[in-house]
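Q: I would like to see how this sequence folds:
(one chain, ligands or ions: 1)
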Amino acid sequence: MSSEPRENGPPRPGSFSPERESGNRLPPPGQPVLRIRGVNHYFGSGDTRTQVLFDNNLEVMPGELVIMSGPSGSGKTTILTLIGGLRTLQEGEIEVWDADRGGYRTLQGVPEPELVQVRRLIGFIFQRHNLFDSLTAVQNIRMAQQLKERATDPGADARDVLTYLLLGEKDLAGKDQKSRFDYKPAQLSGGQRQRVAIARALINRPKLVLADEPTAALDANSGLAVVTLVQELARARPEADLMKLVRSAEEAGENGRLAEWQVPLLKRVVAEHGTTSLIVTHDARIMNLADRIVHMERGRIESNVVVAERLFVREGLRQSPAFAAVLPEEQEKLADSVLIGVHPGEDVRPDHLARSPGRVEVYEPGQFIVRQGEAVNEESKFYLIRRGTVEVLRDVDGAVQKLTELGAGRYFGEVAFLLDQPRNASVRTLTRVEVYTVSRTAFDRFQSVSRPFIERVLANFRAGDGSPRT
Ligand SMILES: Nc1ncnc2c1ncn2[C@@H]1O[C@H](COP(=O)(O)OP(=O)(O)OP(=O)(O)O)[C@@H](O)[C@H]1O
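A: Predicted coordinates for the structure are as follows:
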């Protein structure tokens, strides 16, 4: 009925070290580190008062690397500054998880001193660097550093981060260079100043990083170094993945790779994991690393895609022969039409279901999802198992046989509506089960969009276009 089960998808965000020290507490299971509800924002007053944000809702889970994209003026910076408590929240709710307190801090109607507390939780990487002109690079970082008693040489950490970000004693090719630790901002280039600002934002390993175009002024190598650092702060990447980013000797001139000497330094810099990052960027290198991609248009969050969920659903649909007749881009649209913005490793909550009705159904153990003999109609569905296990049962002359068990990533229910016949088996849940559903109507629509193209290809094929065939 379906092909082999898949291995787990990409690494899960939020899978941090099991030891939880105080100050590193996570929100309750399934709850976000950042929650935005119904956020509106207006600039100006009286006749010139203009609404720039409209009913924005977003949840960000622990350890996620979130990319915000969208055209200029769509409201990305405004929303980022509201989250960071840099601007007064006018309407709606924003809650930020405070790992030290083990509770949420709300940004609605809070006085300035409390906003300062919220800002302390966050590492800001914004275009305006605001470095102190009279202090050197390393002093600028040390200023921000919350000194930990264990450090015998408190400057070492700052120098490690700066070295990793290419202001140290070696250049990218590993050649000696004069380190920029003791340079003042005026003696540094724009990109170097930005690297100092980034080092300063990350030195305390904040639990939430807000970044606005962090790599815009950086060359390809430094941009990648920043992104890798941010991602490593969120979770350790498998060694093999990291090594793919490292240039070999033959590629020494190639841009957009890390130098081999940066890798051990990166590991030293990233002492503990668990950072969540929200990054406004158009940088494709960062897009490829995102866990969640949020797209804004005209002041609204128009789409909010959990990359692992999208891959899970696409992969699940692709395994079904029923979808073989749907063009790849239509398959992708179909997959996107059932997404709910929740990682497939997480349980859905009732409010998720209410927000995206008709996409996912939840069943308790022992419930039937389809029954043998049921007629199919326009309302009939195809099911992709998101979580849990079902058994497939067939009644043959009164004797019920168990045909198979299916788990996450497997599908059922498409045969009946392809053949336009009653269901040929029953499917009953063995555990709590969550399923994505695609209605027959939706399926037919996507298939009919694909059909003219497929028929044209077949017609060309039959007519023969003179090109050689095997
Ligand atoms: N201080 C301000 N006063 C009045 N209008 C503002 C102010 N700041 C931003 N806006 C307006 O609010 C809207 C959203 O701006 P915002 O900077 O958040 O967009 P953005 O998506 O970050 O754009 P960009 O990618 O160009 O930075 C725009 O129409 C902008 O002109």
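Q: near the ligand, which residues of this structure?
A: The chain comes close to the ligand at residues F43, G44, V52, G70, S72, G73, S74, G75, K76, T77, T78, as judged by CB under 6 Å from any ligand atom. Bear in mind the C-beta positions are built from the backbone N, C-alpha and C, glycine included.
Q: Quick check: mean pLDDT of stretch 42-60?
A: When pLDDT is averaged over stretch 42-60, the result is 95.
Q: Quick check: end-to-end length of that stretch?
A: Using CA to CA, to the nearest Å, the gap from the first to the last residue of stretch 42-60 comes to 24 Å.
Q: Over to stretch 338-352?
A: The first and last residues of stretch 338-352 sit 12 Å apart, counting by CA to CA.
Q: Tell me how far that stretch lies from the chain's centre.
A: On the basis of CA atoms, centre = their mean, to the nearest Å, stretch 338-352 is displaced by 13 Å from the centre of the chain it belongs to.
Q: ditto for stretch 421-436
A: Once both centres are worked out by CA atoms, centre = their mean, stretch 421-436 turns out to sit 30 Å from its chain's centre.
Q: Could you pull out the buried residues of that stretch?
A: Counting neighbours by 16 or more other CB atoms under 10 Å, one finds that the buried residues in stretch 421-436 are R423, A425, S426, V427, R428, T429, V433, E434, V435, Y436.
Q: Going by secondary structure, whichever residue of the stretch 301-450 of the chain sits closest to the ligand is in what exactly?
A: When distances are taken as CB to the nearest ligand atom, the stretch 301-450 of the chain reaches nearest to the ligand at I301, 11.6 Å away. Applying DSSP states H and E as the criterion places I301 in strand 300-306.
Q: Could you do V392 as well?
A: When elements are defined using DSSP H and E, V392 is found to belong to strand 390-396.
Q: Against which helices or strands is that strand packed?
A: The criterion is 3 or more CB pairs under 8 Å, 6 or more residues apart in numbering; DSSP states H and E, and the helices and strands that strand 390-396 contacts are strand 399-406, strand 426-429.
Q: I would like the residues contacting the last one, please.
A: Surrounding strand 426-429, the residues in contact under the criterion CB atoms under 8 Å, 6 or more residues apart in numbering are 363-372, 383, 388-395, 406, 412-413.
Q: Pop the domain breakdown of this protein in here.
A: For the chain, the domain assignment from automatic domain parsing gives the residue ranges 34-297, 308-450.
Q: Mean confidence (pLDDT) on the last one, please.
A: What that stands for is domain 308-450. Along domain 308-450, the predicted confidence averages to a pLDDT of 90.
Q: Helices of the stretch 51-200 of the chain, start to end?
A: With DSSP state H, counting those that start in this stretch applied, the stretch 51-200 of the chain shows helices at 76-83, 112-120, 137-144, 155-162, 190-202, listed in chain order.
Q: Which pLDDT value belongs to T152?
A: Value listed for T152 in the pLDDT field: 66.
Q: actually S2, not the one I typed
A: Note for S2: predicted pLDDT of 42.
Q: Then the one 5 residues further on?
A: According to the predicted model, the pLDDT of E7 comes to 37.
Q: Equivalent analysis for A158, please.
A: So, for A158, pLDDT stands at 88.
Q: so how far is the ligand from it?
A: As for A158, its distance to the ligand is 30 Å (criterion: CB to the nearest ligand atom, to the nearest Å).
Q: show me the residues around that residue that make contact.
A: Contacts of A158 (CB under 8 Å, 6+ apart): V138, I141, R142, Q145, A199, I203.
Q: Tabulate those residues in CSV, adding columns for pLDDT and neighbour count.
A: As requested, these are arranged in CSV below (pLDDT from 0 to 100; neighbours: other CB atoms under 10 Å):
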residue, pLDDT, neighbour count
V138, 92, 22
I141, 90, 27
R142, 89, 18
Q145, 80, 17
A199, 92, 28
I203, 88, 22
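Q: for these, which one is nearest the ligand?
A: Minimum distance to the ligand across those is 23.4 Å, recorded for A199 (CB to the nearest ligand atom).
Q: any idea how far A322 is from that closest one?
A: Taking CB to CB, to the nearest Å as the measure, A199 falls 52 Å from A322.
Q: now do G190
A: Separation of G190 from A322 (CB to CB) stands at 54 Å.
Q: And the two? Which one has more around it.
A: Neighbour comparison, G190 and A322: the larger count goes to A322, with 18 against 10 (by other CB atoms under 10 Å).
Q: is it true that the more buried one touches G413?
A: No: taking contacts as CB atoms under 8 Å, A322 lies outside contact range of G413: 9.4 Å.
Q: Give the residues shared as contacts by those two.
A: Shared between the contact lists of A322 and G413 (criterion: CB under 8 Å, 6+ apart) are residues F382.
Q: Low-confidence ranges, the stretch 151-300 of the chain, go.
A: Across the stretch 151-300 of the chain, residues meeting the criterion (pLDDT under 70) sit at 151-152, 154, 247-256.
Q: just the strands in it please.
A: In chain order, the stretch 151-300 of the chain shows strands spanning 208-212, 276-280, 292-297, 300-306, with DSSP state E, counting those that start in this stretch as the criterion.
Q: what's the angle from the third one to strand 300-306?
A: It refers to strand 292-297. Strand 292-297 and strand 300-306 are oriented at 160 degrees to each other (axes from the mean of the first three to the mean of the last three CA atoms, to 10 degrees).
Q: quick revisit: in JSON lines: the contacts of A158, plus distance to A216.
A: Supplementary listing: the contacts of A158 in JSON lines, determined by distance: CB to CB, whole Å:
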{"residue": "V138", "distance to A216": "24"}
{"residue": "I141", "distance to A216": "21"}
{"residue": "R142", "distance to A216": "26"}
{"residue": "Q145", "distance to A216": "25"}
{"residue": "A199", "distance to A216": "17"}
{"residue": "I203", "distance to A216": "21"}
